[in-house]
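1. For reference, the sequence and a predicted model appear below.
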Amino acid sequence: QVTLVESGGGLVQAGGSLRLSCAASGRTFSSYAMGWFRQVPGKERELVAVVSGNDRDTVYADSVKGRFTISRDNAKNTVYLQMNSLKPEDTAVYYCAVGRFSVSARSYDYWGQGTQVTVSS
């Protein structure tokens, strides 16, 4: 059984930083892309960042480029999202996902339960 467990969310002031982690278990994920998506009520889930299985390729949403960094540790089956210079509009539930390297949420087969990130102004 595949399980993804996110951690690291919370409340932070604008301009601050948070680091999200997602630990995957149940299989080896080194050949799969791992990504972060986010969702606010009433809106579709959107891509934040994704990293390929071999850690060579990344894609970022335009809104987070230069502020967020995605990385992975295949030895630990873990993906990270370092979020700097946070803005109130970054407030959302952040989800970890595993699947085919793509910007579409539909390409990801496994999802975590989500972690809330709230940025106060």
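-> On my side now, so go ahead.
2. Assign a three-state SS to Glu89, would you?
-> helix (DSSP: H, G, I helix; E, B strand; the rest coil).
3. what's the spacing between the nearest residue to Ser17 once chain neighbours are set aside and Gln39?
-> Sequence neighbours aside, Asn84 is the residue nearest to Ser17 in space, at 4.7 Å (criterion: CB to CB, 6 or more residues apart in numbering). Placement of C-beta: from N, CA and C, glycine included. Asn84 sits 21 Å away from Gln39, going by CB to CB, to the nearest Å.
4. Does Val40 touch Ala92 like I think?
-> Yes - counting by CB atoms under 8 Å, Val40 touches Ala92, with 4.8 Å between them.
5. Compare those two (neighbour count), which wins?
-> Neighbour count, other CB atoms under 10 Å: between Val40 and Ala92, Ala92 has more, with 22 against 13.
6. Name all residues that make contact with the residue lying closest to Ser31 once chain neighbours are set aside.
-> Spatially, and ignoring its direct neighbours in sequence, Ser31 is nearest to Gly53 (4.6 Å; CB to CB, 6+ apart). Contact analysis of Gly53 by CB atoms under 8 Å, 6 or more residues apart in numbering lists Phe29, Ser30, Ser31, Tyr32, Ala33, Met34, Asn74, Phe101.
7. now do Asp109
-> Remark: with contacts taken as CB under 8 Å, 6+ apart, Asp109 is in contact with Val98, Gly99.
8. Phi, psi for it please.
-> Dihedral angles of Asp109 (phi, psi; degrees, to the nearest 10) stand at phi -90, psi -30.
9. element containing the residue most central in space within the chain, please.
-> Centroid-nearest residue in the chain, with CA atoms, centre = their mean: Trp36, separated by 2.1 Å. Taking DSSP states H and E as the definition, Trp36 sits inside strand 33-39.
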